[in-house]
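In: Whatever this is, show me its structure:
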Amino acid sequence: QVQLVESGGGLVQAGGSLRLSCAASGRTFNAYPMGWFRQAPGKERDFVTRISSTGGTTYYSDSVKGRFTISRDNAKNTVYLQMNSLKPDDTAVYYCAAARYYTGSIYNTQDYNYWGRGTQVTVSS
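Out: From the prediction side, this is the model:
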């Protein structure tokens, strides 16, 4: 079992930056690819980014590519999401997720087995 706890959300003006953290419990954290999703009010939970278990490979949605950076520190059991040049459209609850095994896809919520409770990010215009 892996438990995930997100932090670092808040209110920021457009153009600003935030760094989210996701702290994981469990000795097998460094075996799991990790992802970030986000969910705006009334919308589905959408893929944002993913990082491989070693940190060597990353994937991004087109909407955040070039602005967001995912990273991980396996010694600290933590994954990070650095968000720059934030836009009002980035407003959402951001969720951290862990994938216990590869399903053939990385972009859907069902491709991940463990989830945090989320942290709110609000970007004002």
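
In: What helix or strand is the residue most central in space within the chain located in?
Out: In the chain, the residue lying closest to the centroid (C-alpha atoms, centre = their mean) is residue 36, at 2.1 Å. Per DSSP states H and E, residue 36 falls inside strand 34-39.

In: Next: residue 4.
Out: Counting by DSSP H and E, the element that carries residue 4 is strand 3-7.

In: Which residues does that strand contact?
Out: 20-26, 94-98, 114-119 (C-beta atoms under 8 Å, 6 or more residues apart in numbering). No exception for glycine: its C-beta is placed from N, CA and C like everyone else's.

In: Give me the buried entries from those residues.
Out: 20-24, 94-98, 114-116, 118-119 (16 or more other C-beta atoms under 10 Å).

In: tell me which of those residues is nearest to residue 1?
Out: Distance ranking of these against residue 1, using C-beta to C-beta, places residue 114 first at 7.5 Å.

In: Residue 16 and residue 61, how far apart?
Out: Look at residue 16 and residue 61: by C-beta to C-beta, to the nearest Å, they are 20 Å apart.

In: do the same with residue 19
Out: 18 Å.

In: quick one: which of these two has more around it?
Out: The neighbour count for residue 19 versus residue 61, taken as other C-beta atoms under 10 Å, is higher for residue 61 (16 against 13).

In: Pull the contacting residues for residue 108.
Out: Taking C-beta under 8 Å, 6+ apart as the contact definition, residue 108 lies against residue 47.

In: Just the pLDDT for it.
Out: Residue 108 is assigned 95 on the pLDDT scale.

In: Then residue 124?
Out: In the predicted model, residue 124 carries a pLDDT score of 97.

In: Flag the shaky bits of the chain, pLDDT-wise.
Out: Counting by pLDDT under 70, not a single residue of the chain qualifies.

In: Which parts of it are strands?
Out: With DSSP state E, the ranges of strands along the chain come out as 3-7, 10-13, 18-25, 34-39, 45-51, 58-60, 68-73, 78-83, 92-98, 114-115, 119-124.

In: Pipe those into TSV and attach distance to residue 105 per row.
Out: Below are these laid out as TSV (distance: least, C-beta to C-beta, whole Å):
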stretch	distance to residue 105
strand 3-7	20
strand 10-13	31
strand 18-25	21
strand 34-39	11
strand 45-51	10
strand 58-60	11
strand 68-73	18
strand 78-83	19
strand 92-98	13
strand 114-115	17
strand 119-124	25
